[in-house]
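S.K.: test case, fold it:
(4 chains)
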2 protein chains.
Amino acid sequence: MAANSTPTLEEVARLAGVSRATASRVFTASPKVSPKARRAVEKAAEKLQYVPNRAARTLVTGRTDSIGLVIPEPTASLFGDPFFPRLVRGISEVLSRRGLQLVLLMPQSREDEARLEGYLSAGHVDGVLMVSLHGNDPLPERVHRRGTPVVLGGKPNINSPVNYVDVDNVGGARTAVQHLVSLGRRTIATITGPLDMGAGVDRLQGYHDGLRDAGLQIDPTLEFAGDFGQESGARAMQELLDRRPDLDSVFCAADAMAAGALEVLRRRRRRVPQDVAVVGFDDSTIATSTVPPLSSVRQPIEEMGREMARLVLTGSDGPALGGKRVILATQLVVRASSVKGGGG
Amino acid sequence: MAANSTPTLEEVARLAGVSRATASRVFTASPKVSPKARRAVEKAAEKLQYVPNRAARTLVTGRTDSIGLVIPEPTASLFGDPFFPRLVRGISEVLSRRGLQLVLLMPQSREDEARLEGYLSAGHVDGVLMVSLHGNDPLPERVHRRGTPVVLGGKPNINSPVNYVDVDNVGGARTAVQHLVSLGRRTIATITGPLDMGAGVDRLQGYHDGLRDAGLQIDPTLEFAGDFGQESGARAMQELLDRRPDLDSVFCAADAMAAGALEVLRRRRRRVPQDVAVVGFDDSTIATSTVPPLSSVRQPIEEMGREMARLVLTGSDGPALGGKRVILATQLVVRASSVKGGGG
DNA sequence: GCTGATTGCGAGAGCGCTCTCAAATAGTTC
DNA sequence: GAACTATTTGAGAGCGCTCTCGCAATCAGC
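M.R.: The predicted structure follows:
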């Protein structure tokens, strides 16, 4: 009934009739404690509802047993959809097994990012994962230099000593274009992502590669940049149709943009896929809810998460080995936006 | 050049030629330090790249200056869409101003939840926000009882002493039904959310209220439960059409379910809105990308986030006052799924 | 029943910081 | 310039925990 505040190890030890050291050993799963002493401590802890104070433990061990995942606000909004939970699922799978806690951090502003750097540097986490940063964000390098293991999700667009895991954006985009070519399309436009992001650049690269494979010309009038968002896809489609009424297909670097494009195509009375075939990227939930359903490039998001987690853990054991990178394969999913009656 | 590890306050103080206490005062923005001493400390800190060790500070102050936001995995997937970033934006807005760090926690499994309870109880955060838990999850109460301020987003479906903020689900659903009634619809079906969630129950309640307002009968054959997901909406719509081919409208407790319903209506050759009017809930991005665009009930998500943050902060100042609650108004957005040519 | 391992335990130092308290310094007033 | 008051400063305790060390207890071997 008494409102005593959180119990300490000291109190548990006293109640159990052992020393603080012995009680500590029970909670650190550390060597040899007699079954009798162990039971006594466990019982006392149970009775007092004892939970070890994390700050105290961290102070002495230097470990926090948690890993941070940094997702800048704009990213979170764009990938609204399953990207985010799927990534977390993959990461968690690996961390859970090791008893580590995942904490997500979403800076909303420059100001937040500054605080975040302090947070990460202050030893709040044992390692940091970051996804799809814009431009050449200095954060990963800064944190890396301070000795915290860092793993990026998505290739940084500057050369950087930081480890990263990425999906094969180039290959995926190339496959998408090859698919359109195999369908007999020859005037293939693209709505690119932001070109200050690795994914944006790489998907455009893959588009170019695909054209080259087929002996087609790269034509700037067939390219228009979006920002991965639906609105931008609609705007881009309008512009492209105005410029090139003869286009017979479009590769969109994101499903959301493809959804925007489909809307415009419908308004302009172009039949999909007969007049214009459309392929997206991400294979998000949007892909199955558009009319017609969207052919899209699927990414192994969970696997990316798992790989990121694995990488950050090897970093936090040994010294951070610089510049490790892992690239994961993508896969084309064909639906009715490119092949009449195609796919699910 | 020497690889000395993270500098301590001691070292900064020595370099600045002051005592540890004075140096500490500089970083805690605490009382009177002479400009001269302050400058010396700041210079030393800059030179050593000093960042205060958070664990040590927490150990003595008992504060962590961070607030946890718990989002169970299934929730994160369902609200794929902007819900999540918008909520975070609202919360961050308030926390940022106070210099607090928001950390997100996404338990993926029962096991994770157990660890999470430990994490929260171990004093890792000064307060906890939780959204849309299923059933009567014991976590909030447990954490609350341990003395950590807790605020729920969404009404818990059991009576609980825990503070919460919710949107007016009853009122929103009621308005949606009134809208359908005003359109002359009389056979109004509903696809409900999961009835072990507050939002599910309340929206059904609002549906009933709306019918009652209009003097219409509550008819169980017009109700079918979904899980807020698109698939479940499709299944529910099929079932409802089989049972009641005469229905002239349907209120869906989530946009994703409405999207599933629209798909089925299209397959069954029912024109929307002429034959069947559809209204969703959430006013998510899905609402504008369906064909036709979806009338939907908009929720003030950011405001909910802000309110949650404010509430948890008052809790962490004074003693946690039990059972404070805040309900925020919703708003109907009319589009073409209920009114021909209607809305955006 | 004595010696030498082996195992279980407690004493105590100390992680890096904040904060109280009293000493030192600077500033006023008559 | 003495007597005070206001302002800065430093010494030191201690937050709750882990972990090294050395001692006590147990056990095996002969």
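
S.K.: what ranges do the helices span in chain A?
M.R.: Secondary structure of chain A, counting by DSSP state H: helices at A:9-16, A:20-27, A:35-48, A:54-61, A:73-78, A:83-97, A:110-121, A:139-145, A:169-182, A:198-213, A:230-243, A:255-267, A:285-289, A:301-317.

S.K.: generate TSV for those, with distance to residue B:179, mean neighbour count and mean pLDDT as supplementary columns.
M.R.: Just so you know, the C-beta spots here come from the backbone N, C-alpha and C atoms, and that holds for glycine as well. Shown next, in TSV, are these (distance: least, CB to CB, whole Å; neighbours: other CB atoms under 10 Å in any protein chain shown; pLDDT from 0 to 100):
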stretch	distance to residue B:179	mean neighbour count	mean pLDDT
helix A:9-16	60	19	88
helix A:20-27	58	18	88
helix A:35-48	55	16	87
helix A:54-61	51	18	91
helix A:73-78	29	20	65
helix A:83-97	32	22	89
helix A:110-121	39	17	85
helix A:139-145	47	19	86
helix A:169-182	42	22	98
helix A:198-213	41	21	96
helix A:230-243	26	20	96
helix A:255-267	25	24	95
helix A:285-289	24	23	84
helix A:301-317	38	21	88
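
S.K.: including distance to chain B, could those go into JSON lines?
M.R.: Listed next are these as JSON lines, based on distance: least, CB to the nearest CB, whole Å:
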{"stretch": "helix A:9-16", "distance to chain B": "12"}
{"stretch": "helix A:20-27", "distance to chain B": "11"}
{"stretch": "helix A:35-48", "distance to chain B": "12"}
{"stretch": "helix A:54-61", "distance to chain B": "4"}
{"stretch": "helix A:73-78", "distance to chain B": "4"}
{"stretch": "helix A:83-97", "distance to chain B": "4"}
{"stretch": "helix A:110-121", "distance to chain B": "4"}
{"stretch": "helix A:139-145", "distance to chain B": "9"}
{"stretch": "helix A:169-182", "distance to chain B": "21"}
{"stretch": "helix A:198-213", "distance to chain B": "19"}
{"stretch": "helix A:230-243", "distance to chain B": "7"}
{"stretch": "helix A:255-267", "distance to chain B": "5"}
{"stretch": "helix A:285-289", "distance to chain B": "5"}
{"stretch": "helix A:301-317", "distance to chain B": "11"}
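
S.K.: so for whichever residue of the stretch 151-300 of chain A sits closest to DNA strand D, what's the pLDDT?
M.R.: Distances between the stretch 151-300 of chain A and DNA strand D by CB to the nearest atom of the strand are smallest at residue A:151, namely 25.0 Å. What the model reports as pLDDT for residue A:151 is 94.

S.K.: and it, how many neighbours?
M.R.: When counting by other CB atoms under 10 Å in any protein chain shown, one arrives at 31 neighbours for residue A:151.

S.K.: contacts only, for it.
M.R.: Shown in contact with residue A:151 (CB atoms under 8 Å, 6 or more residues apart in numbering or on different chains): A:127, A:128, A:129, A:130, A:162, A:163, A:164, A:165, A:308, A:311, A:312, A:315.

S.K.: repeat the analysis, applying 7 Å as the threshold.
M.R.: Contacts for residue A:151 (CB atoms under 7 Å, 6 or more residues apart in numbering or on different chains) come out as A:129, A:163, A:164, A:165, A:308, A:311, A:312, A:315.

S.K.: closest to residue B:230 among these?
M.R.: residue A:308 (28.4 Å; CB to CB).

S.K.: can I assume that closest one is in contact with residue A:93?
M.R.: No - between residue A:308 and residue A:93 no contact is recorded; they are 11.2 Å apart, counting by CB atoms under 7 Å.

S.K.: mind listing what the residue lying closest to residue A:257 once chain neighbours are set aside touches?
M.R.: For residue A:257, ignoring the flanking residues on the chain, the nearest one in space by CB to CB, 6 or more residues apart in numbering or on different chains is residue A:233 at 3.0 Å. The contact partners of residue A:233, taken as CB under 7 Å, 6+ apart, are A:191, A:226, A:252, A:256, A:257, A:258, A:259, A:260, A:261.

S.K.: do residue A:209 as well
M.R.: Neighbours of residue A:209 in contact, by CB under 7 Å, 6+ apart: A:170, A:174.

S.K.: tell me the bridge partners for residue A:224.
M.R.: Each beta-bridge partner of residue A:224 is listed here, defined by DSSP bridges: residue A:191.

S.K.: can you count the residues close to it?
M.R.: In terms of burial, residue A:224 registers 22 neighbours under the definition other CB under 10 Å.

S.K.: could you list which residues are in contact with the residue lying closest to residue A:227 once chain neighbours are set aside?
M.R.: Nearest residue to residue A:227 in three dimensions, chain neighbours excluded: residue A:194, at 5.2 Å (CB to CB, 6+ apart). Contacts for residue A:194 were tallied using CB under 7 Å, 6+ apart; they are A:200, A:225, A:227, A:228.

S.K.: do residue A:281 as well
M.R.: Under the criterion of CB under 7 Å, 6+ apart, the neighbours of residue A:281 are A:172, A:203, A:252, A:253, A:254, A:255, A:296, A:297.

S.K.: show the pLDDT at it.
M.R.: Listed pLDDT for residue A:281 reads 96.

S.K.: beta partners of it?
M.R.: residue A:297.

S.K.: if I look at the residue of chain A found nearest DNA strand C, how far off is residue A:26?
M.R.: Closest approach between chain A and DNA strand C, counting by CB to the nearest atom of the strand: residue A:32, at 2.3 Å. Using CB to CB, to the nearest Å, residue A:32 is found at 11 Å from residue A:26.

S.K.: now residue A:239
M.R.: Residue A:239 sits 67 Å away from residue A:26, going by CB to CB.

S.K.: kindly report the same for residue A:16.
M.R.: Taking CB to CB as the criterion, residue A:16 is separated from residue A:26 by 9 Å.

S.K.: mutual contacts of these two, please.
M.R.: Between them, residue A:16 and residue A:26 have residue A:41 as joint contacts when contacts are counted by CB under 7 Å, 6+ apart.

S.K.: which parts of the stretch 1-150 of chain A sit against DNA strand D?
M.R.: Taking CB under 7 Å from any atom of the strand as the criterion, the stretch 1-150 of chain A approaches DNA strand D at residues A:6, A:8-10, A:20-21, A:24, A:27-28, A:30, A:50, A:52-53, A:56-57, A:59-61.

S.K.: out of the helices of chain A, flag the one nearest residue A:337.
M.R.: Comparing the helices of chain A against residue A:337 with CB to CB, the closest turns out to be helix A:255-267 (7.2 Å).

S.K.: what lies in contact with the closest one?
M.R.: A:191, A:226, A:228-234, A:236-238, A:250, A:252, A:272, A:276, A:278, A:280-282, A:284, A:286-287, A:290, A:294, A:296, B:289.

S.K.: distance from that helix to the middle of the chain?
M.R.: A distance of 25 Å separates the centroid of the chain from that of helix A:255-267, by CA atoms, centre = their mean, to the nearest Å.

S.K.: please apply the same query to stretch A:234-246.
M.R.: Average the C-alpha atoms of stretch A:234-246, do the same for its chain, and the two points are 31 Å apart (CA atoms, centre = their mean).

S.K.: ok, residue A:262 to residue A:290 distance?
M.R.: Counting by CB to CB - residue A:262 and residue A:290 are separated by 5 Å.

S.K.: how about residue A:311, nearest residue that isn't a chain neighbour?
M.R.: Nearest in space to residue A:311, with sequence neighbours left out and distances taken as CB to CB, 6+ apart, is residue A:151 at 4.6 Å.

S.K.: buried residues in stretch A:214-229?
M.R.: Buried residues in stretch A:214-229, counting neighbours by 16 or more other CB atoms under 10 Å in any protein chain shown, are found at A:216, A:222, A:223, A:224, A:226, A:227, A:228, A:229.

S.K.: just the pLDDT at the fifth one, thanks.
M.R.: Pointing back at residue A:226 there. As predicted, residue A:226 sits at a pLDDT of 96.
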